[in-house]
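Chemist: Show me how the following folds:
(chains A and B)
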Amino acid sequence: MERQQGTDRVKRGMAEMQKGGVIMDVVNAEQAKIAEAAGAVAVMALERVPSDIRRDGGVARMADPLITEEVLGAVSIPVMAKCRIGHIVEARVLESMGVDFIDESEVLTPADEQYHLLKSEFTVPFVCGARDLGEAARRIAEGAAMIRTKGEPGTGNVVEAVRHMRQIQAQLKQILHVSPDELMTFAKEWGAPYEVLRDIRTQGRLPVVNFAAGGVATPADAALMMHLGADGVFVGSGIFKSEHPERVARAIVEAVTYKDDFERIASLSKGLGTAMKGIDVTSMPFEERMATRGW
Amino acid sequence: MVIGILDVQGAVREHRQQLEGLGVDVVLVKQVSDLDGLDGLVLPGGESTAMRRLIERYELLEPLREKAATLPMFGTCAGMILLATAVEAGQSHLNAISMTVRRNAFGRQIDSFEGLLPVEGIEEPIEAVFIRAPLILSVGEGTRVIAKVEEQIVAVETSLHLACSFHPELTEDNRLHQYFLQKIKQRQSVRS
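Modeler: Next up, the predicted model:
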């Protein structure tokens, strides 16, 4: 049998396997093991979680390979890692280390303010953030195998993730109902590659999975994002910045699986301790927002 | 015919599309009561570690083990791992198919691949997508090998169950799902 590696189907299929699951930010082997034990479908290896990146300021880069390696060795679930937007070499380094998925992420300081990575040239699959369907379509055309809302990472405030998910879902509905001769105009207005919009119409959905990310802090937040049409959820600072990370991690996983069972969500949300404090996004200066990074 | 799909996590939608395309009714199985009245059950691809923890925590493990004695099951990738009697360097789950499996046997995601795979009992090779795929190291009595990649076992069946280490649900090729439904029908006609 002739093996074909790094095809769209192999990359997008990898993301399909994560559906209905929770992907958790971790900064060391111990946290990775807690995440795996809680039922996470993957972990994101980082040097600092977004809320610490906000607090510390300065330039946020790809994690020290020692940390990534430590996490790779600690768990059997897939390991993801973040590179800066447009940083070809960080991405290649992560690929060479055997990372299972790369997040070209606005959480880190962009290396290139004009160009994103040409992700189709890599064997490893990529996930990218998006605020609307045009942005999602541009990333898909560059080769992203998975999309997530940008939200506003490290705030513990779900409002931006909700805004982005609502926006993408509304535009998807619109595209599915316009007539074919109107499609090019939407492509122009949204800055969305025509071919991707055509694929969406043919398949009746986004051609890749779409997760929620950026500000999910509680089990109810996670279930909310599933109700709004997310295929799964990324949780960053929300778990290991909470009072009882193990319990919060388990509760968020369970809330995603049983998003419609509200009695269950009530019971699993009891006594979880203080969630991360959080930031009111409207009070944040524009230049501190991460969602505006990338285009 | 009514086929259930274990719905704790993973490629549930794709299996559903394949099965509905073949004209069967689909039930999503999230709790024990959903297992009643099924003619077969699909265990989809996903993350096997996560799926195991979830079915245990949601109290589905024992009921699934009991059902596996009589209910035909079809496991793909993570679902195949759930069906095995032995998992290398780990615990077994449903103990439904006599075989030993190795998780992530082909390497990490960059080693994942697709190709055309000949399967015994199906005429032309089928499209097979292997994603961080497991492998069957050995099979016990009553387990028949139906496909190999370079001498390594990637699909098996018993009189009741079917399992493969790849993802037929990620392709348009529904012949392995057809094969599973055919197995169920044959069994039902012999018994009636």
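
Chemist: for residue A:148, which residues make a bridge with it?
Modeler: The residues listed as beta-bridge partners of residue A:148 by DSSP bridges are residue A:129, residue A:211.

Chemist: what's next to the helix or strand of chain B with the lowest mean pLDDT, contact-wise?
Modeler: Sorting the helices and strands of chain B by mean pLDDT, DSSP states H and E puts helix B:48-57 at the bottom, at a mean of 89. By CB atoms under 8 Å, 6 or more residues apart in numbering or on different chains, the residues outside helix B:48-57 that reach it are A:21, A:36-41, A:75-77, A:250, A:253-254, A:257, B:6, B:8-10, B:61, B:64, B:77-78, B:81-82, B:91, B:93, B:103, B:134. Every C-beta, even on glycine, is put in place using the N, C-alpha and C of the backbone.

Chemist: mind redoing it with 7 Å?
Modeler: Under the criterion CB atoms under 7 Å, 6 or more residues apart in numbering or on different chains, residues A:21, A:36, A:39-41, A:76-77, A:257, B:8-10, B:61, B:64, B:78, B:81-82, B:93, B:103 lie in contact with helix B:48-57.

Chemist: ok, now stretch A:137-147?
Modeler: Counting by CB under 7 Å, 6+ apart, A:11-12, A:14-15, A:116-120, A:125-128, A:130, A:136, A:191-193, A:196-197, A:206-211 sit against stretch A:137-147.

Chemist: Same check on stretch A:25-39?
Modeler: Outside of stretch A:25-39, the residues within contact range by CB under 7 Å, 6+ apart are A:24, A:43-49, A:67, A:70-71, A:74-75, A:77, A:235-237, A:240, A:245-246, A:249-250, A:253, B:49-50, B:53-54.

Chemist: Separate out the buried members of these.
Modeler: A:24, A:43-49, A:67, A:70-71, A:74-75, A:77, A:235-237, A:240, A:245, A:249-250, A:253, B:49-50, B:53-54 (16 or more other CB atoms under 10 Å in any protein chain shown).

Chemist: Which of the contacts of helix B:48-57 fall within helices?
Modeler: With DSSP state H as the criterion, helices contain A:36, A:257, B:61, B:64, B:78, B:81, B:82 from among the contacts of helix B:48-57.

Chemist: I'd assumed residue B:6 was in contact with the second one.
Modeler: No - Residue A:257 is beyond contact range of residue B:6, at 11.4 Å (criterion: CB atoms under 7 Å).

Chemist: Tell me which of those two has more neighbours.
Modeler: Neighbours per residue (other CB atoms under 10 Å in any protein chain shown) separate residue A:257 from residue B:6, with residue B:6 holding more: 28 against 23.

Chemist: Quick check: that one vs residue B:133, distance?
Modeler: Computed with CB to CB, to the nearest Å, the distance linking residue B:6 and residue B:133 is 19 Å.

Chemist: now swap in residue B:190 and tell me
Modeler: Residue B:190 is 33 Å from residue B:133, where distance means CB to CB.

Chemist: got a list of what the residue in the stretch 101-250 of chain A that chain B sits nearest to touches?
Modeler: Each residue of the stretch 101-250 of chain A has a distance to chain B, by CB to the nearest CB, and the smallest belongs to residue A:123, at 4.9 Å. The neighbours of residue A:123, taking CB under 7 Å, 6+ apart as the test, are A:5, A:6, A:95, B:110.

Chemist: buried subset of these?
Modeler: In the contacts of residue A:123, burial by neighbour count holds for A:6, A:95, B:110, counting by 16+ other CB under 10 Å.

Chemist: Skipping adjacent residues, who's closest to residue A:54 in space?
Modeler: residue A:154 (4.7 Å; CB to CB, 6 or more residues apart in numbering or on different chains).

Chemist: swap that for residue B:149, please
Modeler: Distances taken as CB to CB, 6+ apart place residue A:1 nearest to residue B:149, at 5.5 Å, with adjacent residues excluded.

Chemist: I figured the one you found hits residue B:116, correct?
Modeler: Yes - contact status for residue A:1 versus residue B:116: in contact at 6.5 Å, counting by CB under 7 Å.

Chemist: Looking at the two, which has the bigger crowd around it?
Modeler: Each of residue A:1 and residue B:116 had its neighbours counted (other CB under 10 Å), and the higher figure belongs to residue A:1 (17 against 13).

Chemist: Against residue A:192, how distant is the more buried one?
Modeler: Taken as CB to CB, the spacing of residue A:1 relative to residue A:192 amounts to 37 Å.

Chemist: show me the contacts for the closest residue to residue B:171 other than its chain neighbours.
Modeler: Closest residue in space to residue B:171, ignoring its immediate chain neighbours: residue B:127 at 4.2 Å, by CB to CB, 6+ apart. If a contact means CB under 7 Å, 6+ apart, then residue B:127 has B:114, B:116, B:171, B:173 as its contacts.

Chemist: one more time with 10 Å, if that's ok
Modeler: When the contact criterion is CB atoms under 10 Å, 6 or more residues apart in numbering or on different chains, the partners of residue B:127 are A:9, B:114-117, B:166-168, B:170-173, B:175-176.

Chemist: Report pLDDT for the closest residue to chain B within the stretch 151-295 of chain A.
Modeler: Among the residues of the stretch 151-295 of chain A, residue A:257 lies closest to chain B, at 5.7 Å counting by CB to the nearest CB. Per-residue confidence for residue A:257 comes out at a pLDDT of 92.

Chemist: I'd like to know the average pLDDT value across the longest helix along chain B.
Modeler: What stands out as the longest helix in chain B, according to DSSP H, is helix B:175-191. Averaged across helix B:175-191, the pLDDT comes to 94.

Chemist: residues of it that come out buried?
Modeler: Using 16+ other CB under 10 Å as the burial criterion, the residues of helix B:175-191 that qualify are B:175, B:176, B:177, B:179, B:180, B:181, B:183, B:184.

Chemist: ok, the last one touching residue B:22?
Modeler: Read it as residue B:184. No - contact criterion CB atoms under 10 Å: residue B:184 and residue B:22 do not qualify, at 11.5 Å.

Chemist: Let me see the contact set for the residue minimising distance to the centre of chain B.
Modeler: Centre of chain B computed as the mean C-alpha position; nearest residue by CA atoms, centre = their mean is residue B:75, 0.8 Å away. Going by CB under 10 Å, 6+ apart, residue B:75 touches B:6, B:41-45, B:48, B:81-84, B:93-94, B:96-97, B:161-165.

Chemist: Please apply the same query to residue B:93.
Modeler: For residue B:93, the contacting residues are B:43, B:48, B:51-52, B:55-56, B:61, B:64-65, B:68, B:75, B:78-79, B:81-85, B:87, taking CB under 10 Å, 6+ apart as the criterion.
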